[in-house]
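Colleague: Need coordinates for the below:
(one chain, ligands or ions: 1)
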Amino acid sequence: MSASILEAKGVAKRYGKFSALTDVNLRIAKNTVHSVIGPNGAGKTTLFHVLTGTLPITAGNIVFDGHDVTHEPDHRRVKRGIARSFQVTSLFTNLSVRENLRLAAQGVDSKRALNAWKPPRGALEHRDTVDGILERLALQRFASTQASALSHGQQRRLEVGMALAARPKAIFLDEPTSGMGIDDLDDMKHLIRSLRDDYTVVLIEHNMDIVMDISDTITVMQQGRVLVEGEPARIRGDERVRSAYLGNMITGGRA
Ligand SMILES: Nc1ncnc2c1ncn2[C@@H]1O[C@H](COP(=O)(O)OP(=O)(O)OP(=O)(O)O)[C@@H](O)[C@H]1O
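Modeller: From the prediction side, this is the model:
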């Protein structure tokens, strides 16, 4: 079994009296694409919030890269190497693609600059980071293009790039393909698959074709609990998964 980057045990999250997550156990192996799927309201986004530190946990514990991060705020988890994709709305639409990425790369270093033991990275190092990301996103030709002039699919790839600029170990993507046309879907699929070589990807995705195609492991959630977990072939054939989705669309299309 390959080494894990994240292990969550007994995770619970309550909103008042409502239990959005109950006893969730999750082990995410390094350099894999691990998808979290499930019907609307299953608790996928809440799980992301709790794992990335956007929301405090009610019970349980989370270990990331050997560190107990259960009660760490999100900015500390960013430093540990957890990145979450930004929303389109957080792109600087009046700046170029390159400027967006440069700001994201510098953003991580603003705190580093206050730490005398870790000097801030230089401009050259940022340029290398940004160039590498532009290539990975297949957006080199658009480096000087204003973000507002990109297609929807390109903007969504740039969001992923903004998260990569933080040089994370694991990247959390929440529905990166939502609202995309068919060509953009393919580009995003290739991008996510390529990320696995250098990062660990945790993905919430409703498009089952993509999930089945690019995931190493799939965790299926239902009503705040893990229903079943396994490789795509196993999930596709699982009766419990079919009935969780009322028997439809698990073999293709949107869940
Ligand atoms: N801030 C909140 N206060 C109270 N209940 C909430 C809150 N946020 C989410 N919930 C509830 O928690 C449950 C899980 O929601 P969550 O958004 O995590 O599900 P999801 O699987 O991501 O759904 P979707 O696929 O529709 O995005 C839902 O019943 C939702 O109504």
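
Colleague: and the residue nearest to T200 when sequence neighbours are not counted, how far is that from the ligand?
Modeller: Spatial nearest neighbour of T200, excluding adjacent residues (C-beta to C-beta, 6 or more residues apart in numbering): A170 at 4.2 Å. All C-beta spots, glycine's among them, are computed from the backbone N, C-alpha and C. Using C-beta to the nearest ligand atom, to the nearest Å, A170 is found at 19 Å from the ligand.

Colleague: And for K30?
Modeller: With C-beta to the nearest ligand atom as the criterion, K30 and the ligand are 25 Å apart.

Colleague: Measure how buried that residue is and give me the count.
Modeller: Applying other C-beta atoms under 10 Å, we find 15 residues neighbouring K30.

Colleague: Which pLDDT value belongs to it?
Modeller: Looking at K30, its pLDDT is 97.

Colleague: Quick check on it: phi, psi?
Modeller: Note on K30: backbone dihedrals following degrees, to the nearest 10 are phi -60, psi 150.

Colleague: what about this structure, any weak spots by pLDDT?
Modeller: Along the chain, the model assigns pLDDT under 70 to residues 1, 86-89, 108-125, 246-255.

Colleague: the strands in it, which residues?
Modeller: 4-15, 18-29, 33-37, 59-64, 67-68, 82-84, 170-174, 200-204, 217-222, 225-230 (DSSP state E).

Colleague: Same list (the ones you listed) but as JSON lines, adding mean neighbour count.
Modeller: Formatted as JSON lines, those follow (neighbours: other C-beta atoms under 10 Å):
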{"stretch": "strand 4-15", "mean neighbour count": "18"}
{"stretch": "strand 18-29", "mean neighbour count": "18"}
{"stretch": "strand 33-37", "mean neighbour count": "25"}
{"stretch": "strand 59-64", "mean neighbour count": "18"}
{"stretch": "strand 67-68", "mean neighbour count": "12"}
{"stretch": "strand 82-84", "mean neighbour count": "26"}
{"stretch": "strand 170-174", "mean neighbour count": "23"}
{"stretch": "strand 200-204", "mean neighbour count": "25"}
{"stretch": "strand 217-222", "mean neighbour count": "23"}
{"stretch": "strand 225-230", "mean neighbour count": "18"}
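
Colleague: Nice, that's everything, thank you.
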